[in-house]
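1. sharing a model that was predicted from the sequence below.
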Amino acid sequence: METKSNRLLSLDFFRGLTVAAMILVNNPGSWAHIYPPLEHAEWNGCTPTDLVFPFFLFIVGVSIAYAMGSKRDDDDTHDRTIGKAFKRAVVLFLLGFILAIFPRNFSTFDFFEALKTVRIPGVLQRIAVVFLISTILFLKLNDKGLFRAIVIFLFGYWALMNFVTVPGIGPANLEKETNLGAWLDRTILTEAHLWKQSKTWDPEGILSTIPAVGTCLFGVLVGVYLKSKTVEAATKIAWLFSVGTLAVIGGLLWDLQFPINKALWTSSYVLYTGGLATIILALSYWLIDVNRYTRFTKPFVVYGVNAITVFFLSGLMPRLLNMIKVDFNGEKVGALSYVYKAWFAPYFLPINASLAYAVAFVLFWYIILWVMYKRNIIIKV
């Protein structure tokens with residue numbers, strides 16, 4: 001049913017699909033011209049783009065179950081495993097920090113001045129923290145304990161956000177700048193170290209990391225079940241589809257009181273996105289690992305085996321290339337901006353030019369990753 005190395009091909013496929021989607025939505029030709037499904041919801045609600053990050057954390061959870069399952073029952077290995085997880089989390093956090101502090105111009109860059117305003121939260125930083133906490137909980141708790149942890153995290157976060165008075169502001173609320181999470185981020189991190197587009201709140205803030213761990217643990221439990229050797233594949237698929245559907249329904253019902261919201265990572269958002277991720281993984285498992293329909297998987301597997309590497313490098317490359325200034329109609333623009341303005345914008349409607357550039361960017365990285373894959377170059381973080 002599964003690959004000889006006990007590695008789920010469907011998981012690599014799902015991971016690669018998710019990372020490719022991440023790169024697509026993060027690199028439009030122009031932020032002023034984006035199709036609505038490729039944008040985040042303004043606040044409450046969920047677009048396809050809002051599914052990408054929770055899907056990745058869910059996949060991290062499934063991967064934890066597969067990679068560390070053999071160490072779970074051996075208490076003597078726990079400290080060593082947690083130590084390795086801590087080192088990995090530090091590397092991930094530092095990679096995110098590098099992307100945050102990376103200068104637009106080295107000639108005027110002052111590292112110590114930049115530290116005063118660098119954004120501390122971020123995508124890779126959240127992955128690092130969630131991965132470490134989830135690893136510890138996976139090793140120290142049994143499956144029932146993990147389920148209880150998810151329940152505590154989701155209901156605890158719901159109670160905090162809906163019933164705790166926000167100091168200096170007033171009653172509990174779910175607005176952008178006045179909710180409890182935003183207040184906590186401003187108090188601990190200060191406005192200078194938050195998301196630059198808002199300055200007063202951060203979509204990867206401290207408090208919302210609690211339900212984000214719940215997303216990862218959702219994936220852990222799915223991974224534990226998928227890895228079971230005593231359950232037939234057909235039964236696994238039926239149960240995963242059922243659980244995923246129930247979670248989606250639960251998220252939609254909870255949305256009536258605690259709105260689905262990525263920036264707040266609400267509990268309803270955890271159920272809704274976790275349920276969809278479970279359904280997609282179950283479908284992928286049925287097609288790829290059970291029925292062996294693998295002809296369409298290669299491009300996404302190529303992305304999946306070097307997921308963090310391509311996410312980091314695809315974020316770093318635009319910063320580097322746009323330091324190179326090129327003349328365009330008498331104006332000095334960054335090299336990548338030149339590519340968009342000269343090679344895409346003249347030949348499409350603005351919104352299609354922006355999308356075509358993003359697709360080309362994804363294909364560019366696919367070529368690099370394909371060469372790495374063929375040479376068996378896998379960079380593990």
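-> That came through fine.
2. now do the strands in the stretch 251-381 of the chain.
-> Along the stretch 251-381 of the chain, counting by DSSP state E, counting those that start in this stretch, strands occupy 325-328, 331-334.
3. select, out of the ones you listed, the one closest to residue 297.
-> Across the strands of the stretch 251-381 of the chain, residue 297 has its closest neighbour in strand 331-334 (35.2 Å, Cβ to Cβ). (Each C-beta comes from the backbone N, C-alpha and C, glycine too.)
4. could I get the buried residue list for that closest one?
-> 333, 334 (16 or more other Cβ atoms under 10 Å).
5. how about that strand as PDB, C-alpha atoms only?
-> The C-alpha coordinates for strand 331-334 follow below in PDB (Å, rounded to 0.1, in the frame of the first residue of the first chain):
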ATOM      1  CA  GLU A 331      13.400  54.400 -14.800                       C
ATOM      2  CA  LYS A 332      15.700  52.300 -12.600                       C
ATOM      3  CA  VAL A 333      13.800  49.200 -11.500                       C
ATOM      4  CA  GLY A 334      14.800  45.900  -9.800                       C
END
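6. possible to save the strands of the stretch 251-381 of the chain as TSV with mean pLDDT and distance to residue 274?
-> Listed next are those as TSV, based on pLDDT from 0 to 100; distance: least, Cβ to Cβ, whole Å:
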stretch	mean pLDDT	distance to residue 274
strand 325-328	89	45
strand 331-334	88	39
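7. nearest to residue 304 among the ones you listed would be which one?
-> For residue 304, the closest of those is strand 331-334, at 30.0 Å, according to Cβ to Cβ.
8. can you give the contact residues for the closest one?
-> 321, 322, 323, 324, 325, 326, 341 (Cβ atoms under 8 Å, 6 or more residues apart in numbering).
9. and that strand, how far from the chain's centre?
-> The chain centre lies 32 Å from the centre of strand 331-334; the measure is Cα atoms, centre = their mean, to the nearest Å.
10. partner strands of that strand and their direction?
-> strand 325-328 (antiparallel) (DSSP bridges).
11. pull the CA atoms of the strand it pairs with into PDB?
-> Listed next in PDB are the C-alpha coordinates belonging to strand 325-328 (Å, rounded to 0.1, in the frame of the first residue of the first chain):
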ATOM      1  CA  LYS A 325      18.800  47.900 -10.900                       C
ATOM      2  CA  VAL A 326      17.900  47.800 -14.600                       C
ATOM      3  CA  ASP A 327      16.800  50.700 -16.900                       C
ATOM      4  CA  PHE A 328      13.200  50.500 -18.000                       C
END
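12. where exactly do the helices run in the stretch 251-381 of the chain?
-> Along the stretch 251-381 of the chain, counting by DSSP state H, counting those that start in this stretch, helices occupy 267-284, 298-304, 307-321, 335-343, 350-374.
13. nearest residue to the most centrally placed residue in the chain other than its sequence neighbours?
-> Centrality entry for the chain: nearest residue to the mean C-alpha point is residue 53, 2.9 Å, by Cα atoms, centre = their mean. Closest residue to residue 53 apart from its sequence neighbours, by Cβ to Cβ, 6 or more residues apart in numbering: residue 123 at 6.7 Å.
14. count the neighbours of residue 136 for me.
-> A count of nearby residues for residue 136, using other Cβ atoms under 10 Å, gives 15.
15. now swap in residue 254 and tell me
-> Neighbour tally, residue 254, other Cβ under 10 Å: 20.
16. now do residue 210
-> 20.
17. verify the stated contact: residue 164 with residue 171.
-> No. Using Cβ atoms under 8 Å, residue 164 makes no contact with residue 171, being 9.4 Å away.
18. from the contact counts, what lies against whichever strand or helix holds residue 114?
-> Using DSSP states H and E, residue 114 sits within helix 111-115. Counting contacts by 3 or more Cβ pairs under 8 Å, 6 or more residues apart in numbering; DSSP states H and E, helix 111-115 is packed against helix 78-101.
19. which positions in the helix it packs on come out as buried?
-> For helix 78-101, by 16+ other Cβ under 10 Å, it's 78, 81-82, 85, 88-89, 92-93, 95-97, 99-100.
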